[in-house]
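J.: sequence? don't have it. structure:
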């Protein structure tokens, strides 16, 4: 199947999540995963890649990703390069970074 993630009201190119906290510059949003066939950036200190990054001040972001669905004696399971988590908590991952 194809999963579509659409984001709006992105955080901006700069942000300070906490009033007294650390500010962030050059913010982008992206898929988290391990795909070699899409534009990606390495994120220091995080596993995987930031795939198809979109500037944080863009009006919206949209990604499509393949997800494999398997059925076995325990029910359905989801897999693919963009699916994370243990079997009972699988989810596509979009990163702010």
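T.: Right, received. Where do you want to start? Computed from a predicted model, the values in this text were never measured in an experiment.

J.: need the contact list for the residue nearest to residue 22 when sequence neighbours are not counted.
T.: Nearest-residue entry for residue 22: residue 16, 7.4 Å, with adjacent residues in sequence omitted and distances by C-beta to C-beta, 6 or more residues apart in numbering. Glycine gets a C-beta too; all of them are placed from N, C-alpha and C. Residues near residue 16 by C-beta atoms under 8 Å, 6 or more residues apart in numbering: 22-24.

J.: Distance check, residue 16 against residue 25.
T.: Residue 16 sits 10 Å away from residue 25, going by C-beta to C-beta, to the nearest Å.

J.: Is it correct that residue 60 is in contact with residue 8?
T.: Yes. At 4.9 Å, residue 60 counts as touching residue 8 under the criterion of C-beta atoms under 8 Å.

J.: give me phi/psi at the residue lying farthest from the centre of the chain?
T.: Distance to the chain centre peaks in the chain at residue 73, reaching 29.7 Å (criterion: C-alpha atoms, centre = their mean). Phi and psi for residue 73, reported as degrees, to the nearest 10, are phi -60, psi -20.

J.: Residue 88 now?
T.: phi -80, psi 10.

J.: tell me, how many neighbours does it end up with?
T.: 8 (other C-beta atoms under 10 Å).

J.: go on, residue 77?
T.: Summarising burial for residue 77: neighbours were counted as other C-beta under 10 Å, giving 14.

J.: Determine the set of other helices and strands touching the strand or helix carrying it.
T.: Taking DSSP states H and E as the definition, one finds residue 77 inside strand 75-79. Packed against strand 75-79, as judged by 3 or more C-beta pairs under 8 Å, 6 or more residues apart in numbering; DSSP states H and E, are the following elements: strand 68-72.

J.: Strand partners (parallel or antiparallel) of the strand it packs on?
T.: Paired with strand 68-72 in the same sheet, following DSSP bridges, are strand 75-79 (antiparallel).
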